[in-house]
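Participant: Sequence plus predicted model, see below.
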Amino acid sequence: MALKPLADRIIVRPSKAEEMTKGGIIVPDTAKEKPVWGEVIAAGPGRISDEGKLIAPAIKTGDKVLYGKYSGTEVTVDNEELLIMRESDVFAIMSK
């Protein structure tokens, strides 16, 4: 990967939008909901506190996370759409 997040930022690979409903109806591209969970593929070293100490992130590479619908900045790297967001934009880490 060509991206390395800085400070308390993370890079997330969003999950795929649902192609079909549970009832079997195919959802067109214009009606698909933006995913609100994905996998962390890179995490920065953490943020610096006001006292100058490094605060390590609670999120690590490989975690599955829930985040806000419009969180982060969308970027395309190697034809793959990714999100760059702050650790504070994440609501929860999904248990394995």
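Facilitator: Cool, got the structure. Numbers count the residues shown, from 1 in each chain.

Participant: What residues of stretch 39-53 count as buried?
Facilitator: By 16 or more other C-beta atoms under 10 Å, the buried positions in stretch 39-53 come out as Val40, Ile41, Ala42, Ala43, Gly44, Arg47. For glycine as for every other residue, the C-beta is placed from the backbone atoms N, C-alpha and C.

Participant: what do you get for stretch 81-96?
Facilitator: Quick answer for stretch 81-96 (16+ other C-beta under 10 Å): Leu82, Leu83, Ile84, Met85, Arg86, Glu87, Asp89, Val90.

Participant: between those residues, which is nearest Gly52?
Facilitator: For the buried residues of stretch 81-96, the closest approach to Gly52 (C-beta to C-beta) belongs to Glu87, at 19.0 Å.

Participant: Please look at the closest one and Ile59 and confirm they touch.
Facilitator: Yes: with contact defined as C-beta atoms under 8 Å, Glu87 reaches Ile59; the gap is 5.6 Å.

Participant: what's the overlap in contacts for these two?
Facilitator: Residues touching both Glu87 and Ile59 by C-beta atoms under 8 Å, 6 or more residues apart in numbering: Ile10, Ala43.

Participant: mind listing which of the buried residues of stretch 81-96 are in helices?
Facilitator: Of the buried residues of stretch 81-96, none are assigned to helices by DSSP state H.

Participant: show me the contacts for the most centrally placed residue in the chain.
Facilitator: Per C-alpha atoms, centre = their mean, the C-alpha nearest to the average position across the chain is that of Val12, at 3.1 Å. Contact analysis of Val12 by C-beta under 8 Å, 6+ apart lists Gly38, Glu39, Val40, Ile41, Val65, Tyr67, Gly72, Leu82, Leu83, Ile84, Met85.
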